[in-house]
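*Asks:* Starting from these lines, generate the structure:
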Amino acid sequence: MLETAFTRAGYTVHCAESAEEAQEVLKQKNIQVMFFDLQLPNMSGEELCWRIRKDDPIAIIYAITGYASRFELAFCRDAGFDDYFMKPVDLEVLLTATADGFERLKRWKEQEV
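*Replies:* Below is the predicted model of the structure:
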């Protein structure tokens, strides 16, 4: 569903079934705005975010989850997520977050020395 919505909105979309697959995609593609479920097979979304942040500190990374707690939100912040969305999430909210993420990246890149 997300792939279809983002594609229709004009974005190039790359999907992965696992954290390991996402890491392989990221090795081959320059993806700067991404969404991860926190519940991934073999590795948590938090761990994946932390690993990506080591190599790409300005990437925009959002968490999506069906579970919420204050502890989990704090852990997401510590892992480096830019924001956190609860399922079910309105597609317009995700599309707005995506546009905002790309705008933030544009501003940062314009300020690079």
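*Asks:* So which helix or strand of this structure has the lowest pLDDT on average?
*Replies:* helix 70-79 (a mean of 81; mean pLDDT, DSSP states H and E).
*Asks:* now for that helix, which elements pack on it?
*Replies:* helix 45-55 (3 or more Cβ pairs under 8 Å, 6 or more residues apart in numbering; DSSP states H and E). For every residue, glycine as well, the C-beta is placed using N, CA and C.
*Asks:* by how many degrees do the helix it packs on and helix 70-79 diverge?
*Replies:* Here helix 45-55 runs at an angle of 20 degrees relative to helix 70-79 (axes from the mean of the first three to the mean of the last three Cα atoms, to 10 degrees).
*Asks:* From the chain's centre, how far out is helix 45-55? Work that out for me.
*Replies:* Centroid displacement of helix 45-55 relative to its chain, using Cα atoms, centre = their mean, to the nearest Å, is 10 Å.
*Asks:* how near is the residue lying closest to residue 40 once chain neighbours are set aside to residue 36?
*Replies:* Excluding the flanking residues, the one nearest residue 40 by Cβ to Cβ, 6 or more residues apart in numbering is residue 19, at 4.7 Å. Distance, residue 19 to residue 36, using Cβ to Cβ, to the nearest Å: 8 Å.
*Asks:* Next: residue 65.
*Replies:* 9 Å.
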